[in-house]
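J.: any chance you could fold what I've pasted below:
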Amino acid sequence: MGTALITRTGSNYAKISFDNCSSNSTLEHSVATNLSEARYNLAATSIGGYALFGGGCVSQAMPTVDAYDESLSRSTPSILSKARSDLAATSIGGYVLFGGGQSGSINYSTVDAYDTFLTHSTPTALSAARYGLAATSIGNYALFGGGYGYSSLLLTVDAYDTSLTQTTPTSLSEARGYLAATIVGNYALFGGGSLSGSTVDAYDTSLTRITPTSLSKARSKLAATSIGDYALFGGGYDSSRFSTVDAYDTSLTRITPTSLSEARSNLAATSIGDYALFGGGFGDAHLNIVDAYDTSLTRTIPIALSEGRNSFAATSVGDYALFGGGYPNISYSSTVDAYYMAIEINLYPGTKYKLNDMSSEQTADTFETIKVSSPVNGYLKIKNAKIN
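T.: Numbers count the residues shown, from 1 in each chain. Coordinates of the predicted model:
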């Protein structure tokens with residue numbers, strides 16, 4: 001939570017110092033620099049101080065990678081070794097991994113790795129070429145599971161350790177594609193998927209597999225993320241679209257919190273601060289709605305995405321949750337929406353302040369309210385004002 005304390009008083013000013021203060025913070029929205037190329041069916045994950053968006057397609061598969069640092073400055077590191085869409089991404093140790101995917105009629109087993117300096121390498125490929133797979137990490141392993149092969153759905157799981165050595169642990173209990181994956185406690189969870197899948201497979205830190213209670217609704221093209229003590233699976237499709245959210249706690253007990261505000265598939269999910277965010281997707285139209293769940297699984301609806309779209313990707317870096325790319329109504333999107341936690345601070349005339357990354361002390365000439373990214377560090381020097 002942090003503290004905000006009056007640390008000095010005098011005849012002219014009372015100084016209030018903020019030390020990692022996050023009280024009464026709210027979710028705010030901004031738009032970051034666009035991706036370097038519009039595309040959909042891309043993948044995203046984060047490493048160190050970077051969020052990476054890789055692959056995707058428009059009229060054909062693309063190898064582009066965009067990287068955003070913690071200040072949301074964008075760079076374009078080396079491209080993927082193979083242009084492809086419908087790939088999966090996760091992080092382990094000092095590496096981001098992009099695995100699998102397709103380009104036209106070709107399926108790929110390729111894995112591309114980027115380290116914390118965005119240096120690119122190509123570790124051992126997946127054991128089977130496939131697209132529509134899912135990825136997450138647990139303990140010392142990055143896991144890629146499921147997907148579509150050339151003639152059938154797959155149940156294969158590939159694991160990469162922190163040195164990028166590849167192994168193949170126990171397979172999923174059912175073959176399926178367009179599933180979702182996330183973590184909770186000591187487990188990596190793979191949930192849902194085609195065809196008509198409700199199965200959840202859980203892998204512990206030693207890669208032992210168990211199968212907890214299934215999802216409450218069988219569905220594919222859903223999204224997953226984690227917050228606090230819960231892994232959340234939201235939305236999806238199985239002859240109709242769903243608003244269902246299933247939550248698994250650290251003992252893998254399942255509950256069903258408040259549903260999404262609209263039924264939809266092909267949405268994206270990530271977490272920031274005390275919130276898990278489910279954004280966009282396809283329902284009756286290309287949607288821009290965002291649903292936020294806090295650590296008690298209470299749902300709120302923050303500011304919408306800047307444009308409705310589906311088949312995009314989400315990840316988080318620093319203080320920001322990012323939603324990038326996608327397929328809106330007509331063309332393709334390069335938009336990146338950013339969500340962050342912020343605190344409103346009232347500044348009275350004559351107040352001197354230096355907060356977060358401000359390079360120097362500022363002075364308020366009139367009464368104003370500013371929003372500062374949470375958590376807040378710095379100070380206010382308040383002059384001739386009542387402090388409540």
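J.: can you count the residues close to the closest residue to residue 125 other than its chain neighbours?
T.: Using CB to CB, 6 or more residues apart in numbering and skipping residues adjacent in sequence, the residue nearest residue 125 is residue 109, 4.1 Å away. Heads up, the C-betas are built off the backbone N, CA and C, glycines and all. Here the count is done by other CB atoms under 10 Å, and residue 109 has 19 residues near it.
J.: any idea of the mean pLDDT in the lengthiest strand in the chain?
T.: Longest strand in the chain, counting residues (DSSP state E): strand 336-347. Average pLDDT, strand 336-347: 88.
J.: cool, stretch 289-307 as well?
T.: Stretch 289-307 comes out at a mean pLDDT of 97.
J.: and stretch 243-254, by the same measure?
T.: Stretch 243-254 comes out at a mean pLDDT of 98.
J.: let's verify the residue nearest to residue 125: helix, strand, or coil?
T.: coil (DSSP: H, G, I helix; E, B strand; the rest coil).
J.: still on that earlier bit, residues contacting the next helix or strand after the longest strand of the chain, please?
T.: Using DSSP states H and E, the helix or strand that directly follows strand 336-347 along the chain is strand 352-355. Contact with strand 352-355 is made by 13, 18, 345, 347, 360-364, 372, 376-381, 383, as judged by CB atoms under 8 Å, 6 or more residues apart in numbering.
J.: ok, back up a step: residue 124 is in contact with the residue nearest to residue 125, correct?
T.: No - with contact defined as CB atoms under 8 Å, residue 109 does not count as touching residue 124 (9.4 Å).
J.: ok so, going back, off-centre distance for the longest strand of the chain?
T.: From the chain centre to the centre of strand 336-347 is a distance of 18 Å (CA atoms, centre = their mean, to the nearest Å).
J.: may I see the buried residues of that strand?
T.: Neighbour-count burial for strand 336-347, counted by 16 or more other CB atoms under 10 Å, picks out 336, 337, 338, 339, 340, 341, 342, 343, 345, 347.
J.: could you do stretch 371-385 as well?
T.: Going by neighbour count (16+ other CB under 10 Å), the buried part of stretch 371-385 is 372, 373, 374, 375, 376, 378, 379, 380, 381, 382, 385.
J.: for the residues you listed, give me CSV that also has pLDDT.
T.: Output for those, formatted as CSV (pLDDT from 0 to 100):
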residue, pLDDT
372, 75
373, 70
374, 71
375, 75
376, 76
378, 83
379, 82
380, 84
381, 83
382, 82
385, 52
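J.: which ones among those lie within strands?
T.: Going by DSSP E, the strands hold 372, 373, 376, 378, 379, 380, 381, 382 from those.
J.: what is the nearest of the residues you listed to residue 99?
T.: The closest of these to residue 99 turns out to be residue 373 (CB to CB; 32.8 Å).
J.: residues in contact with that closest one?
T.: Residue 373 touches 319, 340, 341, 342, 356, counting by CB under 8 Å, 6+ apart.
J.: tell me the one of these nearest residue 259?
T.: residue 341 (24.3 Å).
J.: might one say that the closest one is in contact with residue 271?
T.: No - shown here, residue 341 and residue 271 do not form a contact pair, counting by CB under 8 Å, at 11.4 Å.
J.: ends of stretch 231-239, how far apart?
T.: End-to-end distance for stretch 231-239: 25 Å, by CA to CA, to the nearest Å.
J.: and if you look at stretch 247-259?
T.: First-to-last distance for stretch 247-259 - CA to CA - comes to 11 Å.
J.: in it, what counts as buried?
T.: For stretch 247-259, by 16+ other CB under 10 Å, it's 247, 248, 252, 254, 257.
J.: neighbours of the nearest residue to residue 165 once chain neighbours are set aside, just the number please.
T.: Counting by CB to CB, 6+ apart, residue 124 is the residue found nearest to residue 165 once chain neighbours are left out, at 7.6 Å. Other residues near residue 124 come to 13 when the count uses other CB under 10 Å.
J.: and residue 124, which of the three is it?
T.: coil.
J.: who touches it in this structure?
T.: If you count contacts by CB under 8 Å, 6+ apart, residue 124 has them with 111, 164, 165, 166.
J.: residue 314 now?
T.: Applying CB under 8 Å, 6+ apart, the residues near residue 314 are 44, 223, 225, 268, 269, 270, 277, 279, 321, 322, 323, 324.
J.: got a pLDDT number for the first one?
T.: Going back to what we said before, that points to residue 44. 98.
J.: what of the second one?
T.: What the model reports for residue 223 is a pLDDT of 98.
J.: test my guess that it contacts residue 269.
T.: Yes - using CB under 8 Å, residue 223 makes contact with residue 269 at a distance of 3.8 Å.
J.: which neighbours do the two share?
T.: With CB under 8 Å, 6+ apart as the test, residue 223 and residue 269 both reach 234, 278, 314.
J.: show residues contacting the strand or helix carrying the second one.
T.: Residue 278 is located in strand 275-279, with elements delineated by DSSP H and E. Counting by CB under 8 Å, 6+ apart, the neighbours of strand 275-279 from elsewhere in the structure are 27, 223, 225-227, 230, 232, 234-235, 245, 260, 267-271, 288-294, 302, 305, 314, 321, 323, 337, 339, 341.
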